[in-house]
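Student: kindly generate the corresponding structure for this input.
(2 chains)
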Amino acid sequence: MRAVITVLGKDMVGILAKVCTICANNGANVVEVTQSVLQEFFAMIMLVDLSSSSSSVTELSEELTAMGDEMGLRIHVMHEDIFNSMHRI
Amino acid sequence: MLNSHDILETVNMIDQENLDVRTITMGISLLDCIDSDPQKACDKVYDKICRYAENLVKTGEDISREYGIPIIHKRISVTPVAMVAGACPGTSPVRFAKALDRAASSVGVNFIGGYSALVHKGFAPGDYALIQSIPEALSETEVVCSSVNIGSTKAGINMDAVGKMGQVIVDLAKNTAQRDCIGAAKLVVFCNAPEDNPFMAGAFHGPGEPDCVINVGVSGPGVVRAALAKAGDCDITAVADIVKRTAFKITRMGQLVAQEASRRLCVPFGIVDLSLAPTPAVGDSVAHILEEMGLERCGACGTTACLALLNDAVKKGGVMASSHVGGLSGAFIPVTEDAGMIEAARCGALTLTKLEAMTAVCSVGLDMINIPGDTPAEVISAIIADEAAIGMVNSKTTAVRVIPAIGKKAGDELNFGGLLGGGPVMEVNTYSPAKFIHRGGRIPAPMQSLKN
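Tutor: Numbers count the residues shown, from 1 in each chain, chains lettered A, B, ... in the order given. Take a look at the predicted model:
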């Protein structure tokens, strides 16, 4: 399956690196990344492939959310199908 | 790749605007549990529910985590218990209520609906005993919900049942007076009750339903309100379009969850109920949508028109998003469960008479309304008759869920906590309809029923 990771919050050094490290540790392959910084507001959207991942999407989500809580960021991990359903006919 | 704007919009809906799937409700038929031995019947009911719904809660939680969507409730609806209990004459149907309560507790759902009777044309064996037992059954169980269908467009209105239900509601409130009369919040009196409604307290598994089915209820008043707020000063046609587009997105999410739950539980997918169901939480109010449309307060003149537009646009938007739409599907207006309605009722903008008008165009009826504790049973019956008449003539579902606040008068408050919320006791017209109610009999089906 593929999941969309969104990271929202105040910009700071090392956000992308930390998210990618957790993805790599869980065997999640990063397919696409888009990132924007508007003034101090950081928004990143990452599409990851979990088909050969060692962990479940739940484990990845829990680890990323915990990291987000520590750094004051809102991190969501959601199944790609949600967006396909809601925004494509 | 997916559009970033779409992704952030969805995340924002969940994070900031209270978007959620309100309930995954498993409907279970109890027709094969009928037995003339009440103990055997109760055992079969308990075993079947536990067997079928064993993984319901876990599956709901798994989907919620994997998809990143909050799924608030996992619930069960069953065949109207009067049909099962009717085979055991002389036994109190309360035994069945307790079996349902135990089963619900074993599988971990937070409500089980179906302590019900369908009496729109008259009482079959078991119906009368079940209705009589409702005050005891709902005060001695925790999560059992009850409903009684007293009328339909096809059959007319069973005024004997209407007369009975007024007293049942009063007795139920008295039995639970120590707990803010919460028992009455678990009983719905319907006209044209849908057989596949996933929302409590009125959910039951109709006799025409399959053995087991998954129905999903979506929600999202906060999302609709936020979309309207972003649009600013557009005309009312644009308002309807915004509601439609938003309802479409919300329903697609519900459809996805319903299909996934159905696949994982190996149970057929029934319907998606595309209702806007409010909660007492700030930002999750249907009244606030109506106010966003341009009303100073919900209940002001214009409220019925705004609600009609909202109810219709929700259906139009949602219907293309799901392969099977059912249940109640529309805008709910439960007073104590909606922060905007509570405020409007407190300040006097929203009255019972206005609410009655609103029920002609919303998806249900007079819902979660606290009324004075000394309201005579006949007046409650007459409220039910009025609502049923609106439903019968307009070929729509209407319902009454009023809570007599025992020992309290208009302006006092009841607080149930949680999703049932709380709010002020509203004034009721107490000129007596007693003679009308005591006539009994049946209001004939209207001309609208003769469609064949």
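Student: now do the SS call for A:V31.
Tutor: Using DSSP: H, G, I helix; E, B strand; the rest coil, the structure places A:V31 in strand.
Student: so what's the residue count around the residue of chain A found nearest chain B?
Tutor: Using CB to the nearest CB, the single residue of chain A nearest to chain B is A:M78, 3.2 Å away. For every residue, glycine as well, the C-beta is placed using N, CA and C. A:M78 has 21 neighbouring residues, counting by other CB atoms under 10 Å in any protein chain shown.
Student: tell me the secondary structure at it.
Tutor: Under the three-state scheme (three-state DSSP), A:M78 adopts strand.
Student: measure it to B:I7 for me?
Tutor: From A:M78 across to B:I7, the span is 9 Å (CB to CB, to the nearest Å).
Student: my guess is B:K154 meets B:A445, correct?
Tutor: Yes: using CB atoms under 8 Å, B:K154 makes contact with B:A445 at a distance of 5.9 Å.
Student: picking that back up, shared neighbours, A:M78 and B:I7?
Tutor: Shared contacts of A:M78 and B:I7, defined by CB atoms under 8 Å, 6 or more residues apart in numbering or on different chains, comprise A:V4, A:T6.
Student: you'd agree B:M358 is up against B:A331?
Tutor: No: the pair B:M358 / B:A331 is not scored as a contact, 9.3 Å apart, by CB under 8 Å.
Student: neighbour-wise, which of these two wins?
Tutor: Each of B:M358 and B:A331 has its neighbours counted (other CB under 10 Å); B:A331 has more, 30 against 23.
Student: beta partners of the more buried one?
Tutor: As for beta bridges, B:A331 partners with B:L276 under DSSP bridges.
Student: enumerate the residues of chain A near chain B.
Tutor: Listed as neighbours of chain B in chain A under the rule CB under 8 Å from any CB of the partner chain: A:4, A:6, A:8, A:32, A:34, A:36, A:43, A:45, A:47, A:56-58, A:61, A:74, A:76-87.
Student: for the lowest-mean-pLDDT helix or strand in chain A, name the packing helices and strands.
Tutor: Scoring the helices and strands of chain A by mean pLDDT, DSSP states H and E places strand A:29-38 at the bottom, with a mean of 89. Counting contacts by 3 or more CB pairs under 8 Å, 6 or more residues apart in numbering or on different chains; DSSP states H and E, strand A:29-38 packs against helix A:15-25, strand A:41-49.
Student: report the backbone C-alpha coordinates of that strand in PDB.
Tutor: Coordinates of each C-alpha in strand A:29-38 appear next as PDB, following Å, rounded to 0.1, in the frame of the first residue of the first chain:
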ATOM      1  CA  ASN A  29      10.300   3.900   0.300                       C
ATOM      2  CA  VAL A  30       9.800   7.600  -0.400                       C
ATOM      3  CA  VAL A  31       8.200   7.900  -3.800                       C
ATOM      4  CA  GLU A  32       7.600  11.700  -3.900                       C
ATOM      5  CA  VAL A  33       8.100  14.700  -1.700                       C
ATOM      6  CA  THR A  34       6.800  18.200  -2.000                       C
ATOM      7  CA  GLN A  35       7.700  20.800   0.600                       C
ATOM      8  CA  SER A  36       6.900  24.500   1.000                       C
ATOM      9  CA  VAL A  37       7.900  27.100   3.600                       C
ATOM     10  CA  LEU A  38       5.700  30.200   3.700                       C
END
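Student: give me the residue from chain B nearest chain A.
Tutor: B:G68 (3.2 Å).
Student: what number of residues lie near that residue?
Tutor: 21.
Student: my guess is it contacts A:I82, does it?
Tutor: Yes: under the criterion of CB under 8 Å, B:G68 makes contact with A:I82 at 6.8 Å.
Student: get me the contact residues on the stretch 251-400 of chain B for chain A.
Tutor: Counting by CB under 8 Å from any CB, the stretch 251-400 of chain B sits next to chain A at B:R252, B:M253, B:Q255, B:L256.
Student: that concludes my questions; thank you for your assistance.
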